[in-house]
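Participant: sequence? don't have it. structure:
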């Protein structure tokens, strides 16, 4: 209204920026001016003059393509977050091949920060340190850029899922993450919004923020546990010294009681337990048995992650046989357990491989 445009113009902007099945995305005012019933020249000048932008403060600089179809999107940060060092945010667009008769889809993995302050010893990003928090619009723009790229290259395959598993600890930038989820899941006529059930937020275990996330959104929570004893977790996930395994499991029992205890509440949720398999560190039969016991009284599923090596790491992935034996114990314990295959590792686009720049040396591979 302040720009002298009719109310319907706001709906046009929403549809054209966030997109729908028959709508091609736009990234700037000029693109909107070139389409039928588009923006007039005066509106474009007023919008630009008022400081309005449609690009979220990110510029897609590069797209790296892996042999399995995974694409890593590198963004230049515009504004103070970019800094003199040219910091970049990274997102990953992952094709999902499904069983016969089910349509293919894609998942976008987004970053909430540049770098990370958590210092997980096996994670390439974690050795960068924290360089910047991303703003809400920069998080949303990663998703929109991925959807635009998917529309251009594979128009018949929609982006249906968003996972906050890129660079950074999402709960360390929770206000921006919560607002981004709200925007991405906002229903609006003509726009393909995301279901909260298709949005997953991963954390190393910031307990107060875990409670806040679950209170304020229906998005799914994933906990990066990665160990079954405090001795090992202290060594590889330093935040465990603040919130140890007992504190984490107590929080999870509160937030995710077994479905039987919720009287089959259709809105009850489960937590996804992420567990990276590190050879000789956390992959014994005893670890598997302890994991089953730790998750008693918690509505949980387990996702074992094949470790993706990177330059300078002192860790090695568990063998396929070890992963299989570990999973078997979990399943026999009554839990759903899947194995996450490495995707995009030939272009450093796999789990734990995002980021660039100088890094602190990793500690020894063990407690």
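Facilitator: That came in fine, so what should we check first? Please read these numbers as outputs of a predicted model, since none were measured by experiment. Residues are numbered from 1 along each chain as shown.

Participant: quick one: contacts of the helix or strand residue 232 falls within?
Facilitator: Following DSSP states H and E, one finds residue 232 within helix 230-236. Contacts to helix 230-236, defined as C-beta atoms under 8 Å, 6 or more residues apart in numbering, come from residues 120-122, 225-227, 240-241, 244-245, 278, 281-282, 363, 366-367. (Each C-beta comes from the backbone N, C-alpha and C, glycine too.)

Participant: Centroid-nearest residue for this structure?
Facilitator: Nearest to the geometric centre of the chain sits residue 164, at 1.7 Å (C-alpha atoms, centre = their mean).

Participant: Pretty sure that one sits against residue 112.
Facilitator: Yes. Between residue 164 and residue 112 a contact is recorded at 5.8 Å, counting by C-beta atoms under 8 Å.

Participant: chain center to stretch 33-51, what's the gap?
Facilitator: 33 Å (C-alpha atoms, centre = their mean, to the nearest Å).

Participant: Any buried residues in it, and which?
Facilitator: Buried residues in stretch 33-51, counting neighbours by 16 or more other C-beta atoms under 10 Å, are found at 38, 39, 43, 44, 46, 47.

Participant: Let me know the closest of these to residue 66.
Facilitator: residue 38 (36.4 Å; C-beta to C-beta).

Participant: Would you confirm that that closest one contacts residue 32?
Facilitator: Yes. At 5.2 Å, residue 38 and residue 32 qualify as touching, with contact defined as C-beta under 8 Å.

Participant: ok, back up a step: next one: the residue nearest to the centre of the chain relative to residue 107, how far apart?
Facilitator: Residue 164 sits 11 Å away from residue 107, going by C-beta to C-beta, to the nearest Å.

Participant: where in the chain is pLDDT low?
Facilitator: 1-5, 14, 19-24, 35-37, 50-51, 79-86, 98-101, 189-191, 260-268, 342-367 (pLDDT under 70).

Participant: in it, which helix has the most residues?
Facilitator: helix 136-153 (DSSP state H).

Participant: So what touches that helix?
Facilitator: By C-beta under 8 Å, 6+ apart, the residues outside helix 136-153 that reach it are 17-19, 24-25, 27, 55-58, 60, 63, 71, 73, 75, 77, 81, 89, 91, 93, 106, 108, 110-112, 157-159, 162, 166, 176-177, 179-180, 183-184.

Participant: Tell me the first helix or strand C-terminal of it.
Facilitator: strand 159-164.

Participant: I'd like to check the angle between that next one and helix 136-153, please.
Facilitator: 150 degrees (axes from the mean of the first three to the mean of the last three C-alpha atoms, to 10 degrees).

Participant: tell me what strand 159-164 is packed against?
Facilitator: Using 3 or more C-beta pairs under 8 Å, 6 or more residues apart in numbering; DSSP states H and E, the elements in contact with strand 159-164 are strand 105-109, helix 136-153, strand 199-203.

Participant: related to what we said a few turns ago, can you tell me how far the residue nearest to the centre of the chain sits from residue 313?
Facilitator: From residue 164 to residue 313 the distance is 23 Å (C-beta to C-beta).

Participant: go on, residue 247?
Facilitator: Distance from residue 247 to residue 313, by C-beta to C-beta: 28 Å.

Participant: Between these two, which has more neighbouring residues?
Facilitator: Taking neighbours as other C-beta atoms under 10 Å, residue 247 and residue 313 compare with residue 313 leading, 18 against 13.
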